[in-house]
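J.: When you get a sec, could you give me coordinates for this:
(one chain, ligands or ions: 1)
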Amino acid sequence: MNERCAFAIGAHPDDVEIYCLGLLLRLQDAGWTIGWAVATDGQAGLPSGARADLRRDEAMAAGRTVGVKPMLLGLMDGGLIGTPDDARAVRAAIADFKPAVLITHSPDDYHPDHRTLSRLVAEAAPPETVVLFAEAMLGGGAQPERLVDITAQYQRKRAALAAHASQSAPDFVPAFETWSRFRALHCGVKGARHAEGFFFRSSAASRQNLAVLENALSGQRV
Ligand SMILES: [Zn+2]
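T.: Numbers count the residues shown, from 1 in each chain. Sure, this is the predicted structure:
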């Protein structure tokens, strides 16, 4: 178990950037080690005729903007159903990083790949690990239990998102910007302009790691 270490697993190549990169960067700014994995190859999100490895290159480019080399698990986009191979790949990624804090999708997410991954991560997480579930796309569900001010990290999150050029529908980044501004209105921090929302699972065994996380988040905005 690596204290002050946070690891995210997203289903598709841009998911970590969309859902939780602000939180990861906030922890990185507080001196934590951060990393993430991409579960599927993202093929389903490519326009026809696009280079097969385009999304892999975009994922690596996005990681480079914040000094992270994402782990690419290479599972099937649109086909994440929780096979023994899927579960093994997720378990291995977590075992490799041994994080105190794990972040993934909401179990109530709209996307089947996201829901499957959420379950696989929750099942693979050691009891002492705090598991955070990012709220679904543009809200779409209950009010998050924990809103994290990411104002100081937002421009870096935005730059990483922009590396996913194949996904750049005209309203891609502005939509997420509107969402994070909306969440900032709820986060209770004066002057906050961007926020991300999470639900969390913590057990008695993870209390120590939860305290370390809350301590890192309760500091002054950095
Ligand atoms: Zn996704």
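J.: tally of neighbours for the closest residue to the ion within the chain?
T.: Using CB to the ion, the closest approach of the chain to the ion is made by residue 12 at 3.5 Å. C-beta: built from backbone N, CA, C; applies to glycine. Neighbour count for residue 12, taken as other CB atoms under 10 Å: 27.
J.: ok, it - contacts?
T.: 38, 39, 40, 42, 45, 77, 113 (CB atoms under 8 Å, 6 or more residues apart in numbering).
J.: so the nearest residue in space to residue 162 that is not next to it in sequence, which of the three states?
T.: Distances taken as CB to CB, 6 or more residues apart in numbering place residue 173 nearest to residue 162, at 6.5 Å, with adjacent residues excluded. Under the three-state scheme (DSSP: H, G, I helix; E, B strand; the rest coil), residue 173 adopts helix.
J.: What of the one 4 residues further on?
T.: Secondary structure assignment for residue 177 (three-state DSSP): helix.
J.: repeat for residue 196
T.: strand.
J.: Quick one, grab the pLDDT at it.
T.: Residue 196 carries a pLDDT score of 96 in this model.
J.: Please name the bridge partners of it.
T.: Note on residue 196: beta-bridge partners by DSSP bridges are residue 148.
J.: Report the contact partners of it.
T.: 19, 20, 22, 23, 134, 135, 147, 148, 150, 180, 183.
J.: Leaving out the residues flanking it, which one is nearest to the fifth one?
T.: Which is residue 134. Closest to residue 134 by CB to CB, 6+ apart is residue 19, at 3.7 Å.
J.: Those residues of this structure touching the ion, which are they?
T.: By the rule CB under 5 Å from the ion, the part of the chain lying against the ion is 11, 12, 15.
J.: Which of the three states applies to the residue of the chain most remote from its centre?
T.: Most distant from the centre of the chain: residue 49, at 28.5 Å, with distances by CA atoms, centre = their mean. The three-state assignment at residue 49 reads coil, by three-state DSSP.
J.: And the pLDDT at it?
T.: In this model, residue 49 carries a pLDDT of 79.
J.: And it, how far from residue 40?
T.: 20 Å (CB to CB, to the nearest Å).
J.: The residue nearest to residue 162 against residue 158, yeah?
T.: Yes - counting by CB atoms under 8 Å, residue 173 touches residue 158, with 6.4 Å between them.
J.: Among the contacts of residue 196, which ones are in helices?
T.: Counting by DSSP state H, the contacts of residue 196 place 19, 22, 23, 180, 183 in helices.
J.: Please verify my assumption that residue 193 contacts residue 183.
T.: No - using CB under 8 Å, residue 193 is not in contact with residue 183, being 10.3 Å away.
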